[in-house]
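1. any chance you can model this:
(one chain, ligands or ions: 2)
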Amino acid sequence: MTEFNTYIAVDWSGGNDRGASPKKDAIWIGVAGEDPRYFRNRGLAEAWLNTRISQERDADKRVLAGFDFAFAYPDGFANHLTGSPDPFAVWNWFETHVEDAPDRNNRFDLAAQINVGLPGVGPFWGNALKRDIDHLPRKGLDRRDIPFPEKRAIERRTKGTFSTWQLSGAGAVGSQVIMGLPMLSRLRKAFAAECTVWPFETALAPLTLLEIWPSLWAGEIAKTTKPDDITDARQVQFVAEKMREMDQNGTLGEALFNREDLTSEGWIFGVNPAPATENSESAGKLKNDCFALPQGVHWTPVDDALAHLRSSLRCMVGSQTVPLAQACGRVLSDAAIANRANPPAPNSAVDGYGFSASCLSPGSMTLPLIEGRAAAGQAFQGVVPEGSAIRILTGAVLPDGVDTVVLEEDCEVTETEIRFSAGLKPFSNARKAGEDIKAGELALPAGQVLRPQDIALAAATGLPELQVREKLRVGVLSTGDELTEPEHNVPPSRTFDANRPMLLNVAEKWGYAAVDLGYSADDRETLKQKLDAAAKGCDVILTSGGASAGDEDHVSALLKDAGALNHWRIALKPGRPLALGLWNGVPVFGLPGNPVAAFVCTLVFARPALQVLAGANWTAPTGFTVPAAFNKRKKPGRREYLRARLNDQGHVEVFSSEGSGRISGLSWAEGLVELPDGELQINPGDPVRYIPFGNFGL
Ligand code: AMP
Ligand code: MG
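-> Ligands and ions are numbered 1, 2, ... in the order given. Below you'll find the predicted structure:
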């Protein structure tokens, strides 16, 4: 026995009448087991829904109907608009205030009217009309001091969803919400006692309405979409059939769970209500035992230690929208989808003469030149007659009648005609629209650290702002009774703190917000206070010194007392045990005090770990094989990193001393030679792996 008999999925639209022939971005309605239906405007779609649902009810059929827009706004908005937290009050409000006709509606003015009544600028944005509307910004970044969350809880945890405040732009949903709630409100009233809305109401009435988001099943949908299918049509059909399938296999009941905390903002059907996990946008907590290595292992190989870090860490920061100018070096939190094709129109790849390939003949050719020219930014408005050519410059949009360009160097040109020899292929030197990237295609994947060339791609595809991770705040603390700032008249018993400036600069270079936590004496109380304060303002803490298990190794002792310490005895030179732990939930990397060891451990372990914490992809540094310019006998059982640089012959030489206090060797080096864990005899000319510091991001 199924709960329902008829399953309907609706792709709504906020725009004007789309004309008689089926096209995308209009209204599509899918019914399980039937072909998708196209509606040119909302009035027709609403009338059809009413009739169809009435017929189903007359036949005593139960109907589950999903609509692809938010059924509510972020918390607080309902109260502001209607004086009540009830989402249906918002439905009523829009039902009475929205004016809707096939060729015009008042959604932008209505949004502006709501904005006026609120402090700050916004929250609604995305005026797509030619005329400016006071109080309705065109750009999201022009908003200020918005009194409501940007997204509902369900949107915060579901990657790729849009904010209900955004009224225009590829993928935006805000207009559908404004133009859809009145329809839902009328439908609900028309079927009165027979209708409930999930999850605001928990009973499943003979007509149950719910919110759907077809992108939830984008992968499955893509697999079953044929090249000529209209995606919107395919999506509604898929979701309608998905609802039927879930009802038939008994999983629908579970998907329509009851949760009182969701009865004001609503929920997307099909998203699991369990607490947000790795895929969510919100930052989360690490498990207390996340740094626990397997018991009984004496020395952990570097690769095992890395694999463990990789699997136990996750992103610890939220996301924000930034203009392109501020995006370089940041971590992309959501995949960037091209807003516009590059190039947006076919254009010329060279300076030359354009014409239609249909007039090409096997021999050499003479074509009359028409007046005018096409240049980049100065399109030729007329049509180039077949058999004629026009002057065209690089980057110019191909005029009507032109699909082929001959290089100017290959032509003899007179006032009135051009001549060129045989052999030019049709469509030569013409760039196709979208040949680089099409609108709607993936421009940049989530997790990418944005480089100047990525910014170029975003700009070229019409993305003025990007969704990036908040900067990871990396605290740096030095520990040791001997430490002091570099200054005059310091007794030789004191050591100048070299690790802190080194690590602060490393963090900055990697694009993080470096937080200087100063240095601390080897005193537990002081250290504890420093860590307490640091845990409040940092996402991760790097300490150096005191990380072993000796008397004065207070970092490890403290982390141990807090019950969250793990000593990592890593089979690595240079490097002693790393102390890894959580202090009030914030990961702490206890690095060795020796500057060389601290530096190497930072590059090898902290670098990929920080990438993950910052929301970026885990990456291993790329090295390459070069001949050694040195001799070395290496013992088995541990990985070794040597300070190294290439000589004039392209062979790699290493620093004369391996002493881990030799900071001058770090400064001399331009990279590291990585020697594998096993025993090894290296002679000059033998291949070794060299990793330039640049490949560690420095
Ligand atoms: P530790 O790991 O605390 O036993 O320190 C090992 C060695 O590194 C000792 O010689 C310390 O003086 C030295 N050291 C520790 N921290 C620093 C620092 N911040 N700058 C320079 N040397 C340090
Ligand atoms: Mg010390």
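2. and stretch 16-24, end to end?
-> Distance between the boundary residues of stretch 16-24 (C-alpha to C-alpha, to the nearest Å) amounts to 13 Å.
3. L262: what's its closest spatial neighbour, skipping adjacent residues?
-> P199 (4.8 Å; C-beta to C-beta, 6 or more residues apart in numbering). To be clear about C-beta, it is placed using only N, CA and C from the backbone, and glycine gets the same treatment.
4. on the pLDDT front, check that neighbour for me.
-> We note a pLDDT of 91 for P199 in this prediction.
5. quick check, it in contact with W267.
-> Yes - counting by C-beta atoms under 8 Å, P199 touches W267, with 5.1 Å between them.
6. residues touching the residue of the chain at minimum distance from ligand 1, list them.
-> Proximity to ligand 1, evaluated over the chain using C-beta to the nearest ligand atom, is greatest for G593 at 2.3 Å. By C-beta atoms under 8 Å, 6 or more residues apart in numbering, the contact list for G593 reads T479, G480, N499, S544, G545, G546, A547.
7. quick one, phi/psi of the first one?
-> Read that as T479. For T479, the backbone dihedrals (degrees, to the nearest 10) come out as phi -130, psi 140.
8. show me what contacts it?
-> Residues in contact with T479 (C-beta under 8 Å, 6+ apart) are Y519, S520, A521, D522, L527, T543, S544, G545, G546, H554, V555, G593.
9. look up how far L81 lies from it.
-> In this structure, T479 and L81 are 55 Å apart, going by C-beta to C-beta, to the nearest Å.
10. show me where the stretch 301-450 of the chain has strands.
-> With DSSP state E, counting those that start in this stretch as the definition, the stretch 301-450 of the chain shows strands at residue ranges 319-323, 336-337, 347-348, 352-355, 365-374, 389-392, 404-407, 412-413, 417-420, 430-431, 442-444.
11. sheet partners, orientation included, of the last one?
-> Based on DSSP bridges, the strands next to strand 442-444 in the sheet, each with its direction, are strand 336-337 (antiparallel).
12. for the partner strand, which outside residues touch it?
-> Strand 336-337 has contacts (C-beta under 8 Å, 6+ apart) with A170, G171, G440, E441, L442, A443, L444, A458, T461, L463, L466, Q467.
13. can you select the buried ones from those residues in PyMOL?
-> Taking 16 or more other C-beta atoms under 10 Å as the burial criterion, the selection of buried members of the contacts of strand 336-337 in PyMOL is written as:
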select buried, resi 443+444+458+461+463+466+467
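14. pipe the contacts of strand 336-337 into TSV and attach distance to A628 per row.
-> As requested, the contacts of strand 336-337 are exported to TSV (distance: C-beta to C-beta, whole Å):
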residue	distance to A628
A170	54
G171	54
G440	51
E441	45
L442	42
A443	42
L444	39
A458	43
T461	46
L463	47
L466	44
Q467	46
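15. among the contacts of strand 336-337, which are in helices?
-> A458 (DSSP state H).
16. quick check, nearest of the contacts of strand 336-337 to P574?
-> Checking the contacts of strand 336-337 against P574 with C-beta to C-beta, the nearest one is L444 at 37.3 Å.
17. just give me the neighbour total for the closest residue to that closest one other than its chain neighbours.
-> Leaving aside its chain neighbours, L444 sits nearest to A336 (4.2 Å; criterion: C-beta to C-beta, 6+ apart). The number of residues packed near A336 is 24, by other C-beta atoms under 10 Å.
18. now G219
-> The criterion is other C-beta under 10 Å. On that basis, G219 has 8 neighbouring residues.
19. 49 is where my numbering starts, stick with that
-> Sounds good: first residue 49 from here, last item G267.
20. are we agreed that it is in a helix?
-> Yes - applying DSSP: H, G, I helix; E, B strand; the rest coil, one finds G267 inside a helix.
21. please report how far L630 lies from ligand 2.
-> In this structure, L630 and ligand 2 are separated by 22 Å, where distance is defined by C-beta to the ion, to the nearest Å.
22. what helix or strand is that residue on?
-> Using DSSP states H and E, L630 sits within strand 626-631.
23. pLDDT below threshold where in this protein?
-> 322-332, 336, 341-345, 610-613, 624 (pLDDT under 70).
24. so what's the residue of the stretch 549-698 of the chain found nearest ligand 2 closest to, chain neighbours aside?
-> Minimum separation of the stretch 549-698 of the chain from ligand 2 (C-beta to the ion) falls at G593, amounting to 4.0 Å. For G593, the nearest residue in space outside its immediate sequence neighbours is G641; the separation is 3.4 Å by C-beta to C-beta, 6+ apart.
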